[in-house]
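**Student:** here are the coordinates; sequence isn't available:
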């Protein structure tokens, strides 16, 4: 399998954490988003969305969307299981993962900020206000109320919720989003980053990091 | 169980389709987004994100995020199964569902358009340009290349991909987004809306419709 990856993409970072937690070995292919490599025809033929990550299987099939890829890996290599077997706990875990993956990340990713800057004339202050707003309001402030740390987001084992939370906090720090209203999230993050699997997936540790 | 719902919310519309497909009976509680009812303290206590839908279980637990709710219903009432059992097909279905749920819907929903209008001073033309851009580019134009209709998005049975596609096309029509580059998506939509379950979930058929 090959993972099409970008060190700073928080969606790709989620998949890297899952891969490390499961101890999978696979080839990493960097797709440099800041240089526009995601819009090259050969990459768009694999992922028509032109986003990272994408997972190419040995039979040539390509999977898109980080959470779909992680669900696939959860079947392929179920130790540890990132979506719990209990349906109610699974729904809570997915609720937090999707709050991040749907309602924070897509609003604050590179392509949207480029549109705000280039087409709507937003300056650095406008971009920062936008990023902080969506990161916090209805976003991480809601996640803070939804998680039940112990010491991961939902108990003693890492789940999809942790896999999404840690990269979103990394993204928030890049924009200096104030995080002091999120003590539970920050405690989970500190616990996660003390684990070798989470640490190995950090952007600064990737071969394409700048 | 109670579904906190709003007729025009495309995320709530997804859950309504799933409920109708599975033949579940449950109470619907309208949360009028245009009147701000999602920000009332009693609703925020149930769903800290202040979004619809939310599903309240008989034991009082509240599930948030439409795709997490549908996955829960898929375990509770597995006929028809909206995420296929085959892991590769499931990943493709989830890839399309998440392309819509992460990369189109959250950019074009009410709260974001309100921000663009009220805080960034966008007029109707600016809003329409934004909505069309995210609906099409990297969005439905990618979905058009990812689905394999036959006659639903992925074969002869409805899946989570159809459950997400039909409401997103409804939302696109509200903004008169040009859809002529999406013949496969439109054929799937026509097939879906000819099914009683999809038709019963349409916004205009809901008790709170205006």
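**Tutor:** Nice, thanks for sending it over. Since the model is a prediction, treat every value here as computed from it, not as a measurement. Residues are numbered from 1 along each chain as shown, chains lettered A, B, ... in the order given.
**Student:** What's the separation between the closest residue to residue A:123 other than its chain neighbours and chain B?
**Tutor:** Of all residues beyond its chain neighbours, the one nearest residue A:123 is residue A:117 (7.9 Å), with distances taken as CB to CB, 6 or more residues apart in numbering or on different chains. From N, CA and C alone the C-beta is placed, and that goes for glycine too. The spacing between residue A:117 and chain B, counted by CB to the nearest CB, to the nearest Å, is 12 Å.
**Student:** Residue A:117 - how many residues pack around it?
**Tutor:** 14 (other CB atoms under 10 Å in any protein chain shown).
**Student:** and if you look at residue A:61?
**Tutor:** 12.
**Student:** and if you look at the one 10 residues further on?
**Tutor:** When neighbours are defined as other CB under 10 Å, residue A:71 has 25 of them.
**Student:** What strand or helix carries residue A:127?
**Tutor:** For residue A:127, the host element (DSSP states H and E) is helix A:124-135.
**Student:** buried stuff in that helix?
**Tutor:** By neighbour count with 16 or more other CB atoms under 10 Å in any protein chain shown, helix A:124-135 contains the buried residues A:127, A:130-135.
**Student:** Next, residue A:28: phi, psi?
**Tutor:** phi -110, psi 130 (degrees, to the nearest 10).
**Student:** what sits against it?
**Tutor:** Counting by CB atoms under 8 Å, 6 or more residues apart in numbering or on different chains, residue A:28 makes contact with A:2-3, A:5, A:206-207.
**Student:** are any of those residues buried, and which?
**Tutor:** A:3, A:5, A:206.
**Student:** Residues in contact with the host helix or strand of residue A:188: which ones?
**Tutor:** For residue A:188, the host element (DSSP H and E) is helix A:183-193. By CB under 8 Å, 6+ apart, the residues outside helix A:183-193 that reach it are A:140, A:143-144, A:147, A:149, A:151-153, A:158, A:162, A:165-166, A:169, A:179, A:198-199, A:202.
**Student:** Show the buried residues in those.
**Tutor:** A:140, A:143-144, A:147, A:149, A:152-153, A:158, A:162, A:165-166, A:169, A:179, A:198, A:202.
**Student:** Keep only those of these that are in strands.
**Tutor:** residue A:149 (DSSP state E).
**Student:** Mind picking the lowest-pLDDT entry from the buried ones among the contacts of helix A:183-193?
**Tutor:** Least confident of the buried ones among the contacts of helix A:183-193 in the model: residue A:149, at 90.
**Student:** tell me the contacts of that one?
**Tutor:** A:184, A:187-188, A:191.
**Student:** What residues of whichever strand or helix holds residue A:95 count as buried?
**Tutor:** Counting by DSSP H and E, the element that carries residue A:95 is helix A:87-103. For helix A:87-103, burial by neighbour count (16+ other CB under 10 Å) applies to A:87, A:90-103.
**Student:** How about stretch A:46-64?
**Tutor:** A:46-56, A:62-64.
**Student:** residues in contact with that stretch?
**Tutor:** Contacts of stretch A:46-64 (CB under 8 Å, 6+ apart): A:1-6, A:9, A:11-12, A:15, A:31, A:33, A:38-39, A:43-44, A:66, A:69, A:72, B:88, B:91-92, B:95, B:99, B:103, B:138-139, B:141-142, B:145-146.
**Student:** Now do the residue sitting furthest away from the middle of chain A against chain B, distance only.
**Tutor:** Computed with CA atoms, centre = their mean, the residue of chain A farthest from its C-alpha average is residue A:121, at 27.6 Å. According to CB to the nearest CB, residue A:121 stands 9 Å off from chain B.
**Student:** which phi and psi does that residue have?
**Tutor:** Torsion angles, degrees, to the nearest 10, at residue A:121: phi 70, psi 30.
**Student:** so what strands line up beside the lowest-mean-pLDDT helix or strand in chain A?
**Tutor:** Lowest by mean pLDDT, DSSP states H and E among the helices and strands of chain A is strand A:148-149, with a mean of 92. Using DSSP bridges, the strands paired with strand A:148-149 are strand A:154-155 (parallel).
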